[in-house]
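Colleague: One predicted model, sequence on top.
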Amino acid sequence: MSLFTAYLRLLLFFAAALVGVQVPGFVDQYGQSLEARYEESGRSLAAFQRDADRYFDGDMARLIAHYRESDDPVFQDGGGGIHALHERHRELDEALNAFRQGLPHAYWQALVAPAADVREQAWRSYSYVIKLSPTAIALGAGVGMLVALIGEALARSCYGLACLLRRRTGTAQ
């Protein structure tokens, strides 16, 4: 039985290490998607920003208010669209700035608190490649070791609990 558990432990470590090695690649992909969406939102907003620069000293809020206060319902609706573009660009800017604050922030954002649509798009387009950077190797080994230790602790706990229950039922008879 010990040979089987040794192979099971090794398999658990190997599977967890392979998953851990994927994480840096995914975080990188998320960052690239975030940056691409930010740049695209900036291009979408550029013509309106030029109008704000020309007529309202660069104040986008005044341009949006001007559109919304127009008597023309098309312009009023356009103000809502410009506002949505402006807000999206601002949200992406905040997310990108947070992502760029260093590895811990990048990993936290991509894995725990992402821009949901960006993470979903990154996940859909992610290709499972092993990027053997020092970070990926360390993370893979760390995740593998952590999962193997947790698995070992659970197995030993279950075995100990089973032995305890067997002793108790054996002494009660």
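Modeller: Yes, it's here. Numbers count the residues shown, from 1 in each chain.

Colleague: show me where pLDDT drops low in the chain?
Modeller: Along the chain, the model assigns pLDDT under 70 to residues 1, 170-173.

Colleague: let's see 80
Modeller: 1-6, 8, 129-132, 170-173 (pLDDT under 80).

Colleague: ok, longest helix in it?
Modeller: Assignment by DSSP state H gives helix 2-56 as the longest helix of the chain.

Colleague: Return the list of helices and strands in contact with that one.
Modeller: Here helix 2-56 touches helix 60-68, helix 73-99, helix 103-111, helix 116-125, helix 134-172, going by 3 or more C-beta pairs under 8 Å, 6 or more residues apart in numbering; DSSP states H and E. Yep, even glycine has a C-beta here, placed from its N, CA and C like the rest.

Colleague: Any chance you could list what contacts the first one?
Modeller: Read that as helix 60-68. Contact with helix 60-68 is made by 48-49, 51-52, 55-56, 75-76, 78-80, 82-83, 86, as judged by C-beta atoms under 8 Å, 6 or more residues apart in numbering.

Colleague: How about the contacts made by the spatially most central residue of the chain?
Modeller: In the chain, the centroid-proximal residue (C-alpha atoms, centre = their mean) is residue 110; its distance is 2.1 Å. Residue 110 makes contact with 26, 27, 30, 31, 99, 119, 122, according to C-beta under 8 Å, 6+ apart.

Colleague: For residue 138, state which of these is nearest.
Modeller: residue 27 (13.6 Å; C-beta to C-beta).

Colleague: Grab the nearest non-local neighbour of residue 42.
Modeller: residue 89 (6.1 Å; C-beta to C-beta, 6 or more residues apart in numbering).

Colleague: isn't that neighbour right next to residue 40, touching?
Modeller: No: with contact defined as C-beta atoms under 8 Å, residue 89 does not count as touching residue 40 (9.4 Å).

Colleague: Nice, that's everything, thank you.
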